[in-house]
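A.B. asks: everything below, folded, please.
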Amino acid sequence: MGVSEKERSRKGEAFSIRLSAATDRYVEAEAARRKRSKSAIVEALTEEAARTHRFPGIGFKGEDYDRRAWVVGSHLDVWQLIELLHGYGEDEERLQADFDQLTTHHLRVARAYAQAYPDEIEEALAENALSAEDVRALFPLVEIADA
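C.D. replies: Coordinates of the predicted model:
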């Protein structure tokens, strides 16, 4: 069972750390670039590191406002792989036959990550499922090509 958003957002006890001079310079530069505190940068980096250690084969990509988990070696975000699995009726063998670059490990790590962070994946799936009308309402200047 995954950890709830409430549990994830709850803060632990404060503690202090000493970073090497090079790491401290990096964190300071990232904090200035992202207009966030050093603590927020260290927390974000630590969270991503913990997830990549917990789920070998998961990486993160995208800008700060759009960070997302992806399955290393597949070029697919976790939510995209989960959407493919749903589209194939959870038939991993058929999916792998059609996408021969996908390995059993890719599918296994995507499922495990999605189970641990269901809110994150459901949000991405819902965002991707917006109709053309919904997209036009949200972004009136976006031109949508006809299918």
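A.B. asks: ok, and the closest non-adjacent residue to residue 34?
C.D. replies: Leaving aside its sequence neighbours, residue 34 sits nearest to residue 64 (Cβ to Cβ, 6 or more residues apart in numbering; 5.2 Å). (Each C-beta comes from the backbone N, C-alpha and C, glycine too.)
A.B. asks: you'd agree that neighbour is up against residue 40?
C.D. replies: No. Taking Cβ atoms under 8 Å as the definition, residue 64 is not a contact partner of residue 40, at 10.0 Å.
A.B. asks: still on that earlier bit, residues contacting the residue nearest to residue 34?
C.D. replies: With contact set as Cβ atoms under 8 Å, 6 or more residues apart in numbering, residue 64 has these partners: 34, 36, 44.
A.B. asks: can you tell me the element the second one falls in?
C.D. replies: If you go by DSSP states H and E, residue 36 is not part of any helix or strand.
A.B. asks: how near is it to residue 121?
C.D. replies: According to Cβ to Cβ, to the nearest Å, residue 36 stands 25 Å off from residue 121.
A.B. asks: okay, the two: which has more neighbours?
C.D. replies: residue 121 (23 against 14; other Cβ atoms under 10 Å).
A.B. asks: in contact with the spatially closest residue to the more buried one that is not a sequence neighbour, which residues?
C.D. replies: Take residue 121 and drop its neighbours on the chain: the residue closest to it by Cβ to Cβ, 6+ apart is residue 114, 4.4 Å away. Residue 114 makes contacts with 78, 79, 82, 121, as judged by Cβ under 8 Å, 6+ apart.
A.B. asks: follow-up on the earlier one: make a markdown table out of the contacts of residue 64 and add distance to residue 128 and pLDDT.
C.D. replies: Formatted as a markdown table, the contacts of residue 64 follow (distance: Cβ to Cβ, whole Å; pLDDT from 0 to 100):
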| residue | distance to residue 128 | pLDDT |
| --- | --- | --- |
| 34 | 26 | 90 |
| 36 | 27 | 92 |
| 44 | 24 | 91 |
